[in-house]
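Visitor: Sequence isn't available, so here's the structure alone:
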């Protein structure tokens, strides 16, 4: 059975609270916007024109936060029927190999996410096909900070970013680099979580990256409730 990691330091508990709060806020935001849109559409024959796009971005943020969070709490499902045929030392080696593959995959995702987001954030992409070997030379003509979303209006309290990202020109919609920022951040967090679980495997504090027999354990935990009926 895989056991979720529990924060043991003050910083760890703070980060854990931030993650769980962000996930709850994103889910609440999606629910509220969708509910308001349904009421406006069927009650008043109108709606939030930016609602669908906003919910789409919120859902993307929720998924990318959730992926790394599920790694931390060992909530990802996996098939271990064949792995369990081996002895514990062999299973540990296989788990470390799987962790190494996950680290490499997360690193590649991080590079790709940065290069994609950099297009919209007036930042240089990395050089190198697979692994970053540096940063490309940035030219002003290649700035893409002026790219906007389709419908989400630009809030007034963000006007201070216009001189920095859009040469002082007014934004009518939210610039894309803001919602797309979750891509490199989410992939960096995913890489960090895989690094954490890898260290737990090395120290013998975990046996797997997946949830393993968690479902069977939950069935056993409530089995007594059905006895005697």
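Guide: Thanks, I have the structure now. These numbers come from a predicted model, not from an experiment. Numbering: from 1, shown residues only.

Visitor: Find the least confident helix or strand in this structure, judged by mean pLDDT.
Guide: Counting by mean pLDDT, DSSP states H and E, the weakest-scoring helix or strand in the chain turns out to be helix 214-226, with a mean of 55.

Visitor: Let me see the confidence value for residue 41.
Guide: Note for residue 41: predicted pLDDT of 90.

Visitor: How about the one 3 residues further on?
Guide: At residue 44 the predicted local distance difference test score is 87.

Visitor: Then residue 6?
Guide: For residue 6, the pLDDT comes out at 65.

Visitor: for this protein, longest strand please?
Guide: strand 148-153 (DSSP state E).

Visitor: Next, the buried residues of the helix or strand just after it.
Guide: Following strand 148-153 in sequence order, the next helix or strand is helix 162-165 (DSSP states H and E). Residues 162, 165 are the ones in helix 162-165 that count as buried (16 or more other CB atoms under 10 Å). (Each C-beta comes from the backbone N, C-alpha and C, glycine too.)

Visitor: which residues are contacting the helix or strand just after helix 162-165?
Guide: Counting by DSSP H and E, the next helix or strand C-terminal to helix 162-165 is strand 173-175. Strand 173-175 has contacts (CB atoms under 8 Å, 6 or more residues apart in numbering) with 120, 145-155, 158, 161, 165-166.

Visitor: Just the closest of the residues you listed to residue 43, please.
Guide: The shortest approach to residue 43 among the contacts of strand 173-175 belongs to residue 151, at 21.1 Å (CB to CB).

Visitor: Spatially nearest residue to that closest one (excluding sequence neighbours)?
Guide: Leaving aside its sequence neighbours, residue 151 sits nearest to residue 50 (CB to CB, 6 or more residues apart in numbering; 3.9 Å).

Visitor: what ranges do the strands span in this structure?
Guide: With DSSP E as the criterion, the chain has strands at 126-127, 134-135, 148-153, 173-175.

Visitor: what lines up beside the third one in the sheet?
Guide: According to DSSP bridges, strand 148-153 forms sheet pairs with strand 173-175 (antiparallel).

Visitor: How far off centre is the partner strand?
Guide: Counting by CA atoms, centre = their mean, to the nearest Å, strand 173-175 is centred 22 Å from the centre of its parent chain.

Visitor: Report the buried residues of that strand.
Guide: 174, 175.

Visitor: where are the low-confidence patches of this protein?
Guide: 1-9, 11-12, 80-81, 139-142, 211-229 (pLDDT under 70).
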